[in-house]
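Peer 1: Predicted model, plus sequence, below.
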Amino acid sequence: MAHVLVVEDDQATAEAIAVELGAHGHSVAIAATGEAAMASARAAIPDALTLDRLLPDTNGLTLLADLRKAGIQAPVLMVSALGDVDERIAGLRAGGDDYLIKPFSPAELAVRVEVLLRRARPDVDTTLQFGGVRLDLLRREVEVAGQPVRLLQMEFKLLEFLMRHAGTTVSRRMLFEQVWNYHFDPGANLINVHVARLRRKLDVPGAASVIATVKGEGYRFDAV
């Protein structure tokens with residue numbers, strides 16, 4: 001798990017980023033201004049930042065320079081609607097490690113953050129493995145007993161969340177909020193269908209399912 005500082009003045013965008021990064025197991029702090037970002041970074045040094053180019057009180061490039069002067073050397077993913085070549089070059093020359101143009105998929109942003117973290121911390125493993133199930137976070141690949149298994153995007157996110165909480169019962173509410181980004185129950189069958197499909201792809205005939213149903217509580221990843 002890494003601590004990621006999200007510097008973004010649009011609340012909806014910031015929350016979408018935070019939810020996606022949280023689903024990948026990271027802790028997230030949000031700052032809507034340059035001043036708040038500097039205070040947050042000094043209070044808890046981040047492992048990585050996502051930094052919007054345009055903020056209410058400063059330019060992202062100026063803030064990045066100030067962060068570097070303050071000794072914050074964490075990798076930075078610049079995020080901006082300014083997508084022409086000159087703007088991207090300016091962001092990278094100012095010290096940004098990567099540049100993502102708006103609008104973007106939160107899932108892509110999370111993967112780019114994972115790549116930056118891997119470069120900055122090469123000792124950090126970017127795979128999850130329990131029993132015969134192995135999940136590669138960067139390549140978005142899954143193997144069961146050494147054999148590749150093809151998962152759909154939501155199946156991959158569901159499996160990742162369950163594996164990050166292996167051995168712990170996770171509630172349906174947690175799954176709705178952290179995997180589907182719903183803050184309400186859209187229907188009882190949604191999770192049931194996805195868990196059933198995931199089991200069919202992961203389970204070995206004759207062996208207990210790697211995903212246990214905990215009656216009245218939720219699900220638990222139990223691969224051993």
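Peer 2: Looks like it came in fine. All of these numbers come straight from a predicted model, not from anything done at the bench.
Peer 1: Now do the SS call for the residue of the chain positioned farthest from its centre.
Peer 2: Most distant from the centre of the chain: Gly206, at 34.2 Å, with distances by CA atoms, centre = their mean. Assigned with DSSP: H, G, I helix; E, B strand; the rest coil, Gly206 falls in the coil class.
Peer 1: And it, its phi and psi?
Peer 2: phi 90, psi -10 (degrees, to the nearest 10).
Peer 1: got it, and the one 10 residues further on?
Peer 2: Backbone dihedrals for Gly216, given as degrees, to the nearest 10, come out at phi 80, psi 0.
Peer 1: what's around it, how many residues?
Peer 2: 6 (other CB atoms under 10 Å). Any C-beta I mention is one placed from the backbone N, CA and C, and that applies to glycine too.
Peer 1: ditto for Glu160
Peer 2: Neighbour tally, Glu160, other CB under 10 Å: 20.
Peer 1: looking at it, it is touching Leu128, isn't it?
Peer 2: Yes. Using CB atoms under 8 Å, Glu160 is in contact with Leu128, at 7.0 Å.
Peer 1: Please enumerate the shared neighbours of these two.
Peer 2: Listed as contacting both Glu160 and Leu128 by CB atoms under 8 Å, 6 or more residues apart in numbering are 135, 137.
Peer 1: Nearest the middle, which residue of the chain would you pick?
Peer 2: With distances taken as CA atoms, centre = their mean, the chain has Leu21 as the residue nearest its mean C-alpha position (2.8 Å).
Peer 1: Which pLDDT value goes with that one?
Peer 2: pLDDT, Leu21: 90.
Peer 1: Report the separation between it and Gln147.
Peer 2: 30 Å (CB to CB, to the nearest Å).
Peer 1: Would you map the strands across the chain?
Peer 2: Under the criterion DSSP state E, strands of the chain are mapped to 3-7, 27-31, 48-52, 76-80, 98-101, 127-130, 133-136, 141-144, 147-149, 170-171, 211-214, 218-221.
Peer 1: Please work out which of these is packed deepest.
Peer 2: Stretch with highest mean neighbour count among the strands of the chain: strand 48-52 (a mean of 26; mean count of other CB atoms under 10 Å).
Peer 1: Does anything pack onto that strand? Which helices or strands?
Peer 2: Using 3 or more CB pairs under 8 Å, 6 or more residues apart in numbering; DSSP states H and E, the elements in contact with strand 48-52 are strand 3-7, helix 34-43, helix 60-69, strand 76-80, helix 106-120.
Peer 1: pretty sure Glu155 is touching Arg197, no?
Peer 2: Yes. Counting by CB under 8 Å, Glu155 touches Arg197, with 6.3 Å between them.
Peer 1: So these two - more neighbours on which side?
Peer 2: Glu155 (18 against 15).
Peer 1: residue ranges with poor pLDDT in the protein?
Peer 2: Across the chain, the ranges flagged by pLDDT under 70 are 83, 121-125, 181, 183-188, 224.
Peer 1: Which residue ranges make up the domains of this structure?
Peer 2: 3-120, 127-221 (automatic domain parsing).
Peer 1: for the ones you listed, which one ends up most surrounded?
Peer 2: domain 3-120 (a mean of 18).
Peer 1: Need the distance between the two termini of that domain.
Peer 2: 13 Å (CA to CA, to the nearest Å).
Peer 1: For Phe104, grab phi and psi.
Peer 2: Phi and psi for Phe104, reported as degrees, to the nearest 10, are phi -140, psi 170.
Peer 1: is it true that it touches Val79?
Peer 2: Yes. If you go by CB under 8 Å, Phe104 and Val79 touch, sitting 7.3 Å apart.
Peer 1: Good, we can wrap up now.
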